[in-house]
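Enquirer: My questions concern the predicted model and sequence given below.
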Protein chains: 2
Amino acid sequence: MSRSTAGPGSALGLHRVAEPAGVLPQAAWRLDPSPAIWPDEVRVRVDRLNLDAASFRQLHEASNGDPDAVRAAVLQIIVSRGKMHNPVTGSGGMLTGIVEEAGHGSPLGLRAGDRIATLVSLSLTPLAVTDGLARWDGRSEQVPCDGHAILFGRSIAAVLPGDLPVPLALAVLDVCGAPALTHRVVSAAARRLDRPVVAILGAAGKSGTLSAAAASRAGAGRIIGVVRREKEAAALRAATAAGQLSLADEVVIADASDPVAVSGAVRDAGGPADVTIVCVDAPGCEGGAILATAQGGTVIFFSMATSFTAAALGAEGVAADVTMLVGNGYVPGHAQLALDLVRAEPSVKALFENRLGDPSGREQELREDGDGRG
Amino acid sequence: MSRSTAGPGSALGLHRVAEPAGVLPQAAWRLDPSPAIWPDEVRVRVDRLNLDAASFRQLHEASNGDPDAVRAAVLQIIVSRGKMHNPVTGSGGMLTGIVEEAGHGSPLGLRAGDRIATLVSLSLTPLAVTDGLARWDGRSEQVPCDGHAILFGRSIAAVLPGDLPVPLALAVLDVCGAPALTHRVVSAAARRLDRPVVAILGAAGKSGTLSAAAASRAGAGRIIGVVRREKEAAALRAATAAGQLSLADEVVIADASDPVAVSGAVRDAGGPADVTIVCVDAPGCEGGAILATAQGGTVIFFSMATSFTAAALGAEGVAADVTMLVGNGYVPGHAQLALDLVRAEPSVKALFENRLGDPSGREQELREDGDGRG
């Protein structure tokens, strides 16, 4: 591999694919994490990996909860694949670090010394660790480490804000695609309709909370928050009462995987919805979301547990003329918009801090929230 | 089950779910196919099942190609589940028959004696057969049979046109959601952009051909047809030359599952595309479709082989700001639009007849085309 010039496809990292040849970095079995950079690449000194929740859970279970075995497994994946790409779950996570060197042709606008978080998945990010993960106890998704990673021309990274604690900023950035796409879709609906109704399944989770705030800003007329448990409902009501922005005009409790219950609850709360947003990271929520949505409305699926065929055949099976969007995690300006929501809205910040500080909330989040995309 | 009054949810067929309770008919293990109808139901005398291609292939392979074993397997599924819902593939197919009785509250507009095809999947349609499938040789997806099926208030059925051969009409109706949604999306793009570029992956298949015709009518400025083989390219070029409507301004040959090849071919042919339509029924086409699409553009996934996570993470992984739509098979007026395209455009009709009459084309279609949705 010559590193003197950028060839076609270098912005995608094709030159870093070691095997099999010709695929994109995410589809590759192994990447080349060599530290020397191409002109449009950036090398980051990594200080922390934030493993995707599904990946950590799988590793934890496969190791029977033995933290040393979990650490050995993660190390083995990184060494053999040149990236932290769990072969079972297919997911990765994100990382934080300091920019060490930015190629002169990099379009990312980063400078040496910038403290950043990556917003593309670890499953496509060349990575090498040099400390054997010795500082990690193997007991949580947060992996302190020393090593380097490579960003491509089309990678996405955010400079970590100085005014927010790192764990909070990371939690926000992890789901920042959701509020950005929600804002776009609800804004479009608000131009077409007078005060559109927005339903959010999993409204008390991280992506749900931010999506609710974004929907409110974008001109939603009525926000119906659907949650599974009374505890979540209470937290959401309290946050709404405390804040300036309405996170939920109605909070209803229903099992999102029960289509009759969800659609009934949304209708009773002022639905059907013009826009329904699925932030529940559990399978089987397609039918309820479709039935809760008005004819001509839109469903955005942010949950990685969404089944394409269940959505497609489910809508057809009930003659539902709804637009169904795959929740693309990239929308220009997404990091800024999400961080601004947290800064501007104390209720959102409080809900996040509450979840970060509460182990039961954290566990809840693993099951309920459409998080940990990568 | 009382059949004297329609209760809440009856339009969805919830009252026909035998087990497990509370799920939608498609998710049910077993439906009740009793012939007595509720006020908003329709009973159809069935004369033919059209099994989904994936389902037939699975049954054929599981039976080692023994046609008697295939017939026994289909019969066993129908008897045990009350619907032709292949438990392995999850898919069904469609049926044709004559309306026997329409409840006074049915919104479908059908009358006794109408010859119809169902446009909702067999996987959610209560079905009973009375002839043991004795007239079926077990060698093709077309299953002549005697029995009855039930349509719900929200089922979809089309009266078969008198001016088109039944096999042709069925083939068109099987994929009629694709041209309808294509028409809607390309029309919107044409209002925003001057002569939008449309790329169709799998352009020579059934859904691809109809989508191309719909895109052309909706104001596409340039249609780039992507096919796998020279034979398909030749057929598409010949049809375009013969017709009034442009089915493809450029025809390019590329493997849709090779993202670099597909995106390069589309770019070289005048792309990137403002709208990309995926009609290739093979896995791994998400990356190529995303990369072939301009920033701000739209990808419509009609293929049932689409992976939700591959689409979501794939777009995020290359910072692609593209709107990704789950190809909903239902759009109001879809059957009429598709039949009208075939009637009006000799080139489309010729391509369909060619495929129906050509066993190798048929085999090709099983592999390449985004067909047999349900």
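Expert: Looks like it came in fine.

Enquirer: I'd like the distance between A:Asp116 and B:Gly109.
Expert: Asp isn't right for residue A:116; it's Ile. Distance, A:Ile116 to B:Gly109, using C-beta to C-beta, to the nearest Å: 60 Å. For every residue, glycine as well, the C-beta is placed using N, CA and C.

Enquirer: Give me the more crowded residue out of the two.
Expert: When A:Ile116 is set against B:Gly109 and neighbours are counted by other C-beta atoms under 10 Å in any protein chain shown, the residue ahead is A:Ile116, at 20 against 10.

Enquirer: So what pairs up with the more buried one in the strands?
Expert: Note on A:Ile116: beta-bridge partners by DSSP bridges are A:Gly97, A:Val159.

Enquirer: where do the strands sit along the stretch 201-350 of chain A?
Expert: Using DSSP state E, counting those that start in this stretch, the strands of the stretch 201-350 of chain A run over A:222-227, A:250-253, A:273-278, A:293-301, A:323-326.

Enquirer: Quick one: mean pLDDT for the third one?
Expert: Right, strand A:273-278. Mean pLDDT, strand A:273-278: 98.

Enquirer: any idea of the pLDDT on the residue lying closest to A:Val266 once chain neighbours are set aside?
Expert: The shortest distance from A:Val266 to any non-neighbouring residue, by C-beta to C-beta, 6 or more residues apart in numbering or on different chains, is to A:Ala292 (4.0 Å). As predicted, A:Ala292 sits at a pLDDT of 97.

Enquirer: same question, A:Ser121
Expert: On pLDDT, A:Ser121 comes in at 89.

Enquirer: and it, how many neighbours?
Expert: Neighbours of A:Ser121 under the rule other C-beta under 10 Å: 27.

Enquirer: Same check on A:Phe302?
Expert: Residues near A:Phe302, counting by other C-beta under 10 Å, number 33.

Enquirer: Return the residue spatially closest to it, with its sequence-adjacent residues excluded.
Expert: Distance criterion C-beta to C-beta, 6+ apart; nearest residue to A:Phe302, sequence neighbours excluded, is A:Gly327 at 3.8 Å.

Enquirer: Let me see the contact set for the one you found.
Expert: Contact analysis of A:Gly327 by C-beta atoms under 8 Å, 6 or more residues apart in numbering or on different chains lists A:177-178, A:181, A:278, A:300-303, A:370, B:312.

Enquirer: how about 7 Å then?
Expert: When contacts are counted by C-beta atoms under 7 Å, 6 or more residues apart in numbering or on different chains, A:Gly327 touches A:177-178, A:181, A:300-302, B:312.

Enquirer: So which residues of the stretch 201-350 of chain A form helices?
Expert: Counting by DSSP state H, counting those that start in this stretch, the stretch 201-350 of chain A has helices at residues A:206-217, A:230-242, A:259-268, A:286-291, A:308-317, A:334-344, A:346-357.

Enquirer: meant to ask about the stretch 1-150 of chain A, not that
Expert: With DSSP H, counting those that start in this stretch, the ranges of helices along the stretch 1-150 of chain A come out as A:53-62, A:67-81.

Enquirer: Among those helices, which comes closest to chain B?
Expert: Smallest distance to chain B across these (C-beta to the nearest C-beta): 10.4 Å, for helix A:53-62.

Enquirer: quick check: angle from that closest one to helix A:67-81?
Expert: 120 degrees (axes from the mean of the first three to the mean of the last three C-alpha atoms, to 10 degrees).

Enquirer: Could you list every helix and strand that helix A:53-62 packs against?
Expert: With contacts defined as 3 or more C-beta pairs under 7 Å, 6 or more residues apart in numbering or on different chains; DSSP states H and E, the packing partners of helix A:53-62 are helix A:67-81.

Enquirer: so how far is the helix it packs on from its chain's centroid?
Expert: 23 Å (C-alpha atoms, centre = their mean, to the nearest Å).

Enquirer: For it, which outside residues touch it?
Expert: Residues outside helix A:67-81 that contact it (C-beta under 7 Å, 6+ apart): A:29-31, A:59-60, A:63, A:84-86, A:127, A:129, A:132-133, A:136-139, A:143.

Enquirer: mind exporting it as PDB, just the C-alpha atoms?
Expert: Extracted C-alpha coordinates of helix A:67-81, given in PDB (Å, rounded to 0.1, in the frame of the first residue of the first chain):
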ATOM      1  CA  PRO A  67     -13.900 -10.300  33.100                       C
ATOM      2  CA  ASP A  68     -10.500 -11.600  32.200                       C
ATOM      3  CA  ALA A  69     -12.000 -13.700  29.500                       C
ATOM      4  CA  VAL A  70     -14.000 -10.700  28.200                       C
ATOM      5  CA  ARG A  71     -10.800  -8.600  28.100                       C
ATOM      6  CA  ALA A  72      -9.000 -11.400  26.200                       C
ATOM      7  CA  ALA A  73     -11.800 -11.700  23.800                       C
ATOM      8  CA  VAL A  74     -11.800  -8.000  22.900                       C
ATOM      9  CA  LEU A  75      -8.100  -8.000  22.500                       C
ATOM     10  CA  GLN A  76      -8.200 -11.000  20.300                       C
ATOM     11  CA  ILE A  77     -10.900  -9.300  18.100                       C
ATOM     12  CA  ILE A  78      -8.800  -6.100  17.700                       C
ATOM     13  CA  VAL A  79      -5.600  -8.000  16.900                       C
ATOM     14  CA  SER A  80      -7.100 -10.400  14.400                       C
ATOM     15  CA  ARG A  81      -9.400  -7.900  12.600                       C
END
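
Enquirer: residues contacting A:Glu100?
Expert: So A:Glu100 contacts A:43-45, A:112, A:148 (C-beta under 7 Å, 6+ apart).

Enquirer: which residues of chain A score low on pLDDT?
Expert: A:1-9, A:357-374 (pLDDT under 70).

Enquirer: quick revisit: now the helices of the stretch 1-150 of chain A as a markdown table including distance to A:Asp340?
Expert: Output for these, formatted as a markdown table (distance: least, C-beta to C-beta, whole Å):
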| stretch | distance to A:Asp340 |
| --- | --- |
| helix A:53-62 | 25 |
| helix A:67-81 | 34 |
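
Enquirer: Name the stretch among those helices that sits most buried.
Expert: Using mean count of other C-beta atoms under 10 Å in any protein chain shown, the stretch among the helices of the stretch 1-150 of chain A with the largest mean neighbour count is helix A:53-62, at a mean of 20.

Enquirer: Dump that helix to CSV, keeping only the CA atoms.
Expert: Provided in CSV are the C-alpha atoms of helix A:53-62 (Å, rounded to 0.1, in the frame of the first residue of the first chain):
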residue,chain,number,x,y,z
ALA,A,53,-24.1,-2.4,24.3
ALA,A,54,-25.2,-5.4,22.3
SER,A,55,-21.5,-6.4,21.7
PHE,A,56,-20.5,-6.1,25.3
ARG,A,57,-23.5,-8.1,26.4
GLN,A,58,-22.7,-10.9,23.9
LEU,A,59,-19.0,-11.0,25.0
HIS,A,60,-20.0,-11.0,28.7
GLU,A,61,-22.4,-13.9,28.2
ALA,A,62,-20.0,-15.9,26.0
